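K.L.:
This is the structure alone, sequence omitted:
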């Protein structure tokens, strides 16, 4: 699967929330996504706004392609062009941008919000790190300890999701059968999520 990522959208969704991202944080972010891509067998396309060149500039690494949109277009513009050109492929968009997600949905390309994807990446890499530590392998930290503590807190908090009144029928037997069936877009997203 090709996972196309709205880079600054994802970076800013990860606590602590920052307006500016350092080069070190960007490199660590790319490294983490590369490790995730290798572990899961996905191709990762990370799209940043701006960059050192006038037009889009790409850097190819093993499982990661890093794109800087250049000064003439935004990352959103580049992502729209990319998903349009590659819509026949197995794609997943990672962004919390409603306009981008709507655009992808019109092309029948599922999307996942940035914070949910970050949690999936964190879990996948944490499991790998725990297995490596258990086997006595050398463990390379992918995030500092403060970030890890915050991530762990967020993970624990997300495990208790309240039940909304519309989720329970008046008879107490759960959701209505028609509501429980997934729509076409939801089935497509679920299929992609199972690959993550």
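P.N.:
Thanks, I have the structure now. Values in this document were obtained by computation on a predicted structure and should not be read as measured data.
K.L.:
contacts, neighbours, all on C-alpha from now
P.N.:
Fine.
K.L.:
Residue 37 versus residue 45, what's the distance?
P.N.:
10 Å (C-alpha to C-alpha, to the nearest Å).
K.L.:
Looking at the two, which is more packed in?
P.N.:
Legend: neighbour count by other C-alpha atoms under 10 Å for residue 45 and residue 37, higher for residue 45 (27 against 22).
K.L.:
wait, is the more buried one part of a strand?
P.N.:
Yes - Residue 45 sits within a strand when classified using DSSP: H, G, I helix; E, B strand; the rest coil.
K.L.:
Local confidence estimate at it?
P.N.:
Per-residue pLDDT puts residue 45 at 97.
K.L.:
Residue 94 versus residue 18, what's the distance?
P.N.:
Residue 18 sits 19 Å away from residue 94, going by C-alpha to C-alpha.
K.L.:
By mean pLDDT, flag the weakest helix or strand of the chain.
P.N.:
For the chain, counting by mean pLDDT, DSSP states H and E, helix 177-180 ranks last in confidence among helices and strands (a mean of 49).
K.L.:
After that one, heading C-terminal, what element do we hit next?
P.N.:
helix 184-195 (DSSP states H and E).
K.L.:
so what's the spatially most central residue of the chain up against?
P.N.:
By C-alpha atoms, centre = their mean, the chain has its centre lying nearest to residue 117, at 3.5 Å. Residue 117 makes contacts with residue 94, as judged by C-alpha atoms under 8 Å, 6 or more residues apart in numbering.
K.L.:
Name the SS class of it, please.
P.N.:
At residue 117, secondary structure determined by three-state DSSP is helix.
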